[in-house]
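*Asks:* Predicted model and sequence below, questions to follow.
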Amino acid sequence: MTTVSSLEALIEALRCLPGIGPKSAQRMAYHLMQRDRPGAQNLADALQRALLALRHCQRCNTLTESELCERCASSRRDPSLLCIVETPVDMNMMEQTQAYSGLYYVLMGRVSPLDGVGPRELRLERLLARVCDGIVKEVILATNFTNEGEVTAHYLTEMLKSRAIRVSRIARGVPVGGELEFVDAGTLAQALRERRALSE
């Protein structure tokens, strides 16, 4: 049985990052070990701190160090509006538009049967409980305009249409096939303003 060296283990670990293939991971590992050992230590310390400190917000499911994230704990937000996004990065993009003052729910993924991700994996029962709290009046679906994002939006619409809650979808100011993370704030603000109702 061959033993994996610590360098090989580091290279393999770096490959878990999005967009990092074998060669990029190898370059990063050699850079950290040859030229920036203090940077490598800072990275290791920051990862360790984040792993110990971060958890899911009890209300919106984003990552936070407290029971409630800063947005959910704020009295300035409109609790009758709930925007559903796929990831914390998407939520941050929505915030950059400065066009939305409601609250969020972060799915931490999207419905993708080919990847084995269905409603159960997204724990949509938590979302349903949040939507049916008697305070939420409108749900804004801000999933990405990818095939998986559209399937997720359709599934959520079907799930929520029997409830007495308005369901809307951000407008297609966002390019088809685009992801919120890569859309400029002006386009995203326009898409939010032009959202359309999917059910009443």
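*Replies:* All right, it came through fine.
*Asks:* what's the nearest residue to S101 if we skip its chain neighbours?
*Replies:* Closest residue in space to S101, ignoring its immediate chain neighbours: D78 at 5.2 Å, by CB to CB, 6 or more residues apart in numbering. To be clear about C-beta, it is placed using only N, CA and C from the backbone, and glycine gets the same treatment.
*Asks:* give me the number of residues near the one you found?
*Replies:* 13 (other CB atoms under 10 Å).
*Asks:* wait, it sits on I135?
*Replies:* No. Here D78 does not reach I135: they are 9.9 Å apart, not a contact under CB atoms under 8 Å.
*Asks:* ok, back up a step: which residues does the residue nearest to S101 bridge with?
*Replies:* Bridge pairing for D78 (DSSP bridges) gives the partners G102.
*Asks:* which residues sit in contact with it?
*Replies:* By CB atoms under 8 Å, 6 or more residues apart in numbering, the contact set of D78 is 101-103.
*Asks:* Just list what the host helix or strand of H31 packs against, helices and strands only.
*Replies:* If you go by DSSP states H and E, H31 is part of helix 22-34. Contact here means 3 or more CB pairs under 8 Å, 6 or more residues apart in numbering; DSSP states H and E; on that basis helix 22-34 packs against helix 6-14, helix 37-53.
*Asks:* What residues sit buried inside it?
*Replies:* Neighbour-count burial for helix 22-34 flags 25-26, 28-29, 32 (criterion: 16 or more other CB atoms under 10 Å).
*Asks:* Nice, that's everything, thank you.
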